[in-house]
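1. Turn this into a structure:
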Amino acid sequence: MTSLDCTVLIPARLASTRLPDKPLADLAGVPMVVRVAQRCREAGARAVVVAADSPRILEACQAHGVDAVLTRADHPTGSDRLAEACSLLGLDGRDIVVNVQGDEPLIDPALVAACAERLQAHPECVMSTAAHTIDSVEEYLNPNVVKVVTDAAGRALYFSRAPMPWWRDGHAQGVTALPDPAPLRHIGIYGYTAGFLRRFPALPPAPLEQIESLEQLRVLWHGERIVVHLSPQRPGPGVDTPEDLARVRRIFEQRSSADTR
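-> Now for the predicted structure:
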């Protein structure tokens, strides 16, 4: 494991409409948010810290040797929570922060490292994120699948829920195949400079952001740049619903059984 010059921040809040107390959900004897932190440690970051909204999350992290800070419970977004965590940790403006959601216990450590390294390599950008190629027409047309298009240097031009890029000839005939090159599906992991992360919540929401319901469009609207890492594979499944939790629990139980053989 190599040393990675970044801090991984994992926002975690107890309130969840579909899955209450989600960060503390048990995965083979360990709370989910701790599982996320353990995966992120494998990326080699200099620090992995949970930004918690409740003492219960803080206590769970401390019980498993995971660093955590207690943030306000009334933050409207995860970005606001991360901004407070940056201040609590005293991060310098050019320090790189990678935001990994607390419901991604199968996150690939290589993806975390790639987001940090991509931003380090592009000092003209304030953010990094990731994408992978779409391999089915259903995903290409699905509004729940967020797409991204980039420039020649791999910087984001736009994010959308619409089929993008718009394949003029293919749509004219009814889409039965994908355009070439293949469209890109956005992966919801972000790297930031700490200075921009502290500044981001104060930026006025963008009209495009409100139309598409995509917060990252605020960054582009205000003239900042986001560099995109092209991942060779899809990320592991996250946990949004009880069904997701049951599926991920089975994966961890299978791994636990294999480790004891």
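2. Flag the shaky bits of the protein, pLDDT-wise.
-> Counting by pLDDT under 70, the ranges of the chain that qualify are 1-3, 256-261.
3. For it, which segments are assigned as strands?
-> Along the chain, the segments classed as strands by DSSP state E run 4-12, 26-27, 30-31, 45-52, 67-70, 96-99, 127-133, 147-150, 156-160, 184-193, 226-230.
4. Can you mark which positions in the fourth one are buried?
-> To tie it back to what came earlier, the one meant is strand 45-52. By neighbour count on 16 or more other CB atoms under 10 Å, the buried set for strand 45-52 is 45, 47-52. All C-beta spots, glycine's among them, are computed from the backbone N, C-alpha and C.
5. with those in mind, which one is nearest to Gly238?
-> For the buried residues of strand 45-52, the residue nearest Gly238 by CB to CB is Val50; the value is 16.4 Å.
6. For Glu117, see how far away that closest one is.
-> Relative to Glu117, Val50 is positioned 23 Å away (criterion: CB to CB, to the nearest Å).
7. Tabulate the CA atom coordinates of stretch 104-122 in CSV.
-> Extracted C-alpha coordinates of stretch 104-122, given in CSV (Å, rounded to 0.1, in the frame of the first residue of the first chain):
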residue,chain,number,x,y,z
GLU,A,104,-20.6,2.4,-0.1
PRO,A,105,-19.1,-0.5,1.9
LEU,A,106,-17.9,-2.2,-1.3
ILE,A,107,-16.0,0.9,-2.7
ASP,A,108,-12.9,0.0,-4.7
PRO,A,109,-9.8,1.5,-2.9
ALA,A,110,-8.2,2.0,-6.4
LEU,A,111,-11.1,4.3,-7.3
VAL,A,112,-10.5,6.4,-4.2
ALA,A,113,-6.8,6.7,-5.1
ALA,A,114,-7.5,7.5,-8.7
CYS,A,115,-9.8,10.4,-7.8
ALA,A,116,-7.0,11.9,-5.6
GLU,A,117,-4.3,11.3,-8.2
ARG,A,118,-6.4,12.7,-11.0
LEU,A,119,-6.9,16.0,-9.1
GLN,A,120,-3.3,16.2,-8.2
ALA,A,121,-2.4,15.9,-11.9
HIS,A,122,-4.8,18.7,-12.9
